[in-house]
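S.K.: below are the sequence and a predicted model for it; my questions follow.
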Amino acid sequence: MYEAYLQSASAKIKLILEKSVFDSIVQDEFFYSYIPSVKIIDHCKNFDATIFIENRLKNNIEINYPNITYQYNTLNTKDLISLIEYVFERARQDRGIVCIHGAGAIVNNKAVICWGPATGMGKTSLAVELSKLDNMFYSDEKILIDLKNKKVVGRINKQYVSNDYWKNKLGNTSYFEPKNLAPDKEYDISLFVYPLICDQKEYLIDRWDSSKFAWHLYEETSRKIRGTSRVLFDNTFPVMPLDSFALSITRLNLVKNFTKNMNAIYYKGNLNYISNAIKNMS
């Protein structure tokens, strides 16, 4: 069996698998468009978790974190990539780093995060609009946040064309690199925007206090590690949560501290007004 090591932010994972399977994983463009800031690293002694991948007669997953066994009958690289990212979420959260669903732009050298659980809210459209002129686009779909240091620390470099915004812009392509892409490095955060972009003359801006922001952010940072959308083997096998009570308490306290003195707004209205308002806020 072949041993390989991967890193996302400061988290590291060891894979034990056939070399051909590893090659299939890292040669799939989905690998780089699904796992934030992922890279292949040399052998290391200090890693957070081990995933053992083997070909067997049946499909099965055994999770006893930090040890995970994945057995498959027919190889599905996207399933494996999804599992790797799931394990990374636990490893990152042990370090105080969480992954949220959102798009981002760098405005005045600080990150503005457009976030929310639903598609069609306008997160990507707003991030693209903010990235024009002297600003930069940061990420779509996934952003890593260091709760302890209040920084963005990772993102998707190559975007997977999954939403209507990119499909309408790009046509028949599956992966692309956005224009005016910011360097993949740490940035301080200036603002969180929970948007609902719609074509109307009236607009609403609701400035959240820290308690309301913390409630929504705790919910968002708990979804991925609890596996609520993680179903493998052709949507037949729900993966069990990787969360623990101790980690939940730590995450809750980190979120409460993070949301103190952090600007967060809910916005409903047209794109032009909020993009100009955010540039003045940041």
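M.R.: Received, thanks.
S.K.: wait, what's in contact with residue 95?
M.R.: By CB atoms under 8 Å, 6 or more residues apart in numbering, the contact list for residue 95 reads 9-11. All C-beta atoms are positioned from the backbone trio N, CA, C, and that covers glycine.
S.K.: which of those residues count as buried?
M.R.: 9, 11 (16 or more other CB atoms under 10 Å).
S.K.: just the ones of the contacts of residue 95 in strands?
M.R.: Among the contacts of residue 95, the members found in strands (DSSP state E) are residue 11.
S.K.: can I get the contacts of residue 95 in CSV with distance to residue 70 and pLDDT?
M.R.: Converted to CSV, these look like this (distance: CB to CB, whole Å; pLDDT from 0 to 100):
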residue, distance to residue 70, pLDDT
9, 22, 96
10, 24, 96
11, 18, 98
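S.K.: can I get the contacts of residue 95 in CSV including distance to residue 133?
M.R.: As requested, the contacts of residue 95 are exported to CSV (distance: CB to CB, whole Å):
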residue, distance to residue 133
9, 29
10, 33
11, 35
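S.K.: nearest to residue 235, of the contacts of residue 95?
M.R.: In terms of CB to CB, no member of these lies closer to residue 235 than residue 11, at 26.9 Å.
S.K.: what segments of the stretch 101-250 of the chain are helices?
M.R.: Here the stretch 101-250 of the chain has its helices, by DSSP state H, counting those that start in this stretch, at 123-130, 164-170, 210-223, 245-259.
S.K.: how about TSV for those, with mean pLDDT and mean neighbour count added?
M.R.: Shown next, in TSV, are the helices of the stretch 101-250 of the chain (pLDDT from 0 to 100; neighbours: other CB atoms under 10 Å):
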stretch	mean pLDDT	mean neighbour count
helix 123-130	90	24
helix 164-170	64	14
helix 210-223	97	18
helix 245-259	98	16
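S.K.: just want the angle from the lengthiest helix in the chain to helix 245-259.
M.R.: Counting by DSSP state H, the longest helix found in the chain is helix 77-93. Angle between the axes of helix 77-93 and helix 245-259 is 70 degrees (criterion: axes from the mean of the first three to the mean of the last three CA atoms, to 10 degrees).
S.K.: buried set for helix 77-93?
M.R.: Of the residues in helix 77-93, 77, 79-93 count as buried by neighbour count, 16+ other CB under 10 Å.
S.K.: now swap in stretch 18-37 and tell me
M.R.: Applying a neighbour-count criterion of 16+ other CB under 10 Å, one finds 21-22, 24-25, 30-37 buried in stretch 18-37.
S.K.: quick one: that stretch to chain centroid distance?
M.R.: Chain-centre distance of stretch 18-37: 16 Å, with CA atoms, centre = their mean, to the nearest Å.
S.K.: using PDB, write out the CA atom coordinates for stretch 92-111.
M.R.: Extracted C-alpha coordinates of stretch 92-111, given in PDB (Å, rounded to 0.1, in the frame of the first residue of the first chain):
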ATOM      1  CA  ARG A  92      -9.200  21.900  11.100                       C
ATOM      2  CA  GLN A  93     -11.800  22.500  13.800                       C
ATOM      3  CA  ASP A  94      -9.500  20.900  16.300                       C
ATOM      4  CA  ARG A  95      -7.200  23.800  15.400                       C
ATOM      5  CA  GLY A  96      -9.900  26.500  15.600                       C
ATOM      6  CA  ILE A  97     -10.400  26.700  11.900                       C
ATOM      7  CA  VAL A  98     -13.800  26.300  10.300                       C
ATOM      8  CA  CYS A  99     -15.100  26.100   6.800                       C
ATOM      9  CA  ILE A 100     -18.200  28.100   5.800                       C
ATOM     10  CA  HIS A 101     -20.300  28.200   2.700                       C
ATOM     11  CA  GLY A 102     -19.800  31.500   1.000                       C
ATOM     12  CA  ALA A 103     -18.000  33.800  -1.500                       C
ATOM     13  CA  GLY A 104     -15.500  36.500  -0.700                       C
ATOM     14  CA  ALA A 105     -13.800  39.500  -1.900                       C
ATOM     15  CA  ILE A 106     -10.800  41.500  -0.700                       C
ATOM     16  CA  VAL A 107     -11.800  45.100  -0.300                       C
ATOM     17  CA  ASN A 108      -9.200  47.600   1.000                       C
ATOM     18  CA  ASN A 109      -6.900  44.600   1.700                       C
ATOM     19  CA  LYS A 110      -9.500  43.000   4.100                       C
ATOM     20  CA  ALA A 111     -11.900  40.100   3.500                       C
END
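S.K.: that's all I had, so thanks and see you.
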